[in-house]
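[1] Provided below for reference: sequence and predicted model.
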Amino acid sequence: MEKKVEGLTIECVQGDITRQEGFDAVVNAANAWLRPGGGVAGAIHRAAGPELEEECRSLAPISPGQAVITGAYRLPNRYIIHCLGPRYGIDEPAAELLAACYRNALRLAEEKGLSSVAFPAISTGAFGYPLQEAAQVAVKTVAELAPSLQSVKRVRFVLHGEEAFRAFSQALEEL
């Protein structure tokens, strides 16, 4: 599933965030301390190698909605952008904090002059954000930023599982 919005290509694929060749950066659905964990954070840290955890130490902790950038080490990308999404029902206003993740990640990508970024479904795993709502916030936020993006020309949502892929594809279709 793919759609062009103001010169930005937004796409949804089902796949593995650690295997996004051809993308300048992948986004980590991080925890506040930027440590390896379960889900996306665990997969990214395992694939990138121990150097990633070392670089992350000096950048932590981060707050919900905040994003920081590191090298990608053993991943096939140049950078990893780490975002702390909101814990649904705890970190409020959840939709604003989730949107801030996407805005701040794309701001960092722009500052580095990157042309492509791959995002997971931030906050939808252990943080409990409902998939349909998260998909709406993510896709809408990225589309709203499209006119202001100078270097970023391609955003991919890399979804783990059929349900997530369907939710994000539907949100993109409804744009």
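    Arrived safely, thanks for sending.

[2] Now do the strands in the protein.
    For the chain, the strands defined by DSSP state E occupy 2-5, 8-14, 25-29, 67-71, 79-83, 116-119, 154-159.

[3] Show me what the longest helix that the chain contains is packed against.
    Using DSSP state H, we find that the single longest helix of the chain is helix 94-111. In terms of contacts (3 or more C-beta pairs under 8 Å, 6 or more residues apart in numbering; DSSP states H and E), helix 94-111 is packed against strand 67-71, strand 79-83, strand 116-119, helix 131-145. Any C-beta I mention is one placed from the backbone N, CA and C, and that applies to glycine too.

[4] Could you provide these in TSV, with additional columns for mean pLDDT and mean neighbour count?
    Formatted as TSV, those follow (pLDDT from 0 to 100; neighbours: other C-beta atoms under 10 Å):
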stretch	mean pLDDT	mean neighbour count
strand 67-71	98	19
strand 79-83	98	25
strand 116-119	98	24
helix 131-145	98	21
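
[5] Ala94 is nearest to which of the ones you listed?
    helix 131-145 (8.3 Å; C-beta to C-beta).

[6] Identify the bridge partners of the spatially most central residue of the chain.
    In the chain, the residue lying closest to the centroid (C-alpha atoms, centre = their mean) is Phe119, at 3.1 Å. With DSSP bridges applied, Phe119 shows beta-bridge pairing to Phe157.
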